[in-house]
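predicted model follows, preceded by the sequence.
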Amino acid sequence: MKKKLLSLFLLFIGFGFSAYSQSTVKQAVEKEADTVLINSLLQQSKESLTESPDKAIALAQQAKDLSKKANFKKGKAYALKNIGLANYYKGNYVETLQNWEESLKTFEQINDETGVANILNNMAAIYGEQGGCVVGGSV
């Protein structure tokens, strides 16, 4: 009798671990699918920057929203970078700097030194072009 109870108990525990493992795998697959979609949107946004900045902003905004939902900070940082680049091509320097400042904070949070350096370089280029003063804002 004790052997039957022990076997039954182990069987239930086994099913519990199996269900937990399947749930964990499902979450990992969903997150991977999310990041693939986000990276695809970012690439499309990057390709649209010069010809259609508004389209680039829309695609990057979708990537940003999905990144927040998936807690994919790297995707959020690059989405903000792309939104800033599109605003740069539109001549909206204040908005560009606002997006890049938020992108910079995110790159710093995830210790992405390349992203930090790139954003700082981009920001310096704007300040250099504008002589240290951005129309609608101050330096």
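Nice, thanks for sending it over.

who's in contact with L66?
By C-beta atoms under 8 Å, 6 or more residues apart in numbering, L66 lies in contact with 34, 37-38, 41, 72, 75. All C-beta atoms are positioned from the backbone trio N, CA, C, and that covers glycine.

mind listing what's buried along the host helix or strand of it?
If you go by DSSP states H and E, L66 is part of helix 53-70. Judged by neighbour count using 16 or more other C-beta atoms under 10 Å, the buried positions of helix 53-70 are 53, 56-64, 66-67, 70.

still on that earlier bit, in ChimeraX, select just the buried ones from the contacts of L66.
To isolate the buried members of the contacts of L66 in ChimeraX, using 16+ other C-beta under 10 Å:
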select :34,38,41,72,75
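
can I get the contacts of L66 in CSV including secondary structure, distance to N111 and pLDDT?
Output for the contacts of L66, formatted as CSV (DSSP: H, G, I helix; E, B strand; the rest coil; distance: C-beta to C-beta, whole Å; pLDDT from 0 to 100):
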residue, secondary structure, distance to N111, pLDDT
D34, helix, 22, 86
L37, helix, 24, 94
I38, helix, 20, 96
L41, helix, 24, 96
F72, coil, 15, 95
G75, helix, 16, 97
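
ok, which pair from the contacts of L66 is furthest apart?
Within the contacts of L66, L41 and F72 form the most distant pair, 11.5 Å apart (C-beta to C-beta).

E108 - how many residues pack around it?
Residues near E108, counting by other C-beta atoms under 10 Å, number 14.

does it touch V116 like I think?
Yes: E108 is within contact range of V116, at 5.9 Å (criterion: C-beta atoms under 8 Å).

give me the low-pLDDT residue ranges for this structure?
Within the chain, the stretches with pLDDT under 70 are 1-33, 132-139.

the helices in it, which residues?
2-48, 53-70, 73-90, 93-109, 113-129 (DSSP state H).

looking at the ones you listed, which is buried most?
Among the helices of the chain, judged by mean count of other C-beta atoms under 10 Å, the one packed with the most neighbours on average is helix 73-90 (a mean of 23).

that one: how far from the chain's middle?
In this view, helix 73-90 has its centroid 10 Å away from the chain centroid, taken as C-alpha atoms, centre = their mean, to the nearest Å.
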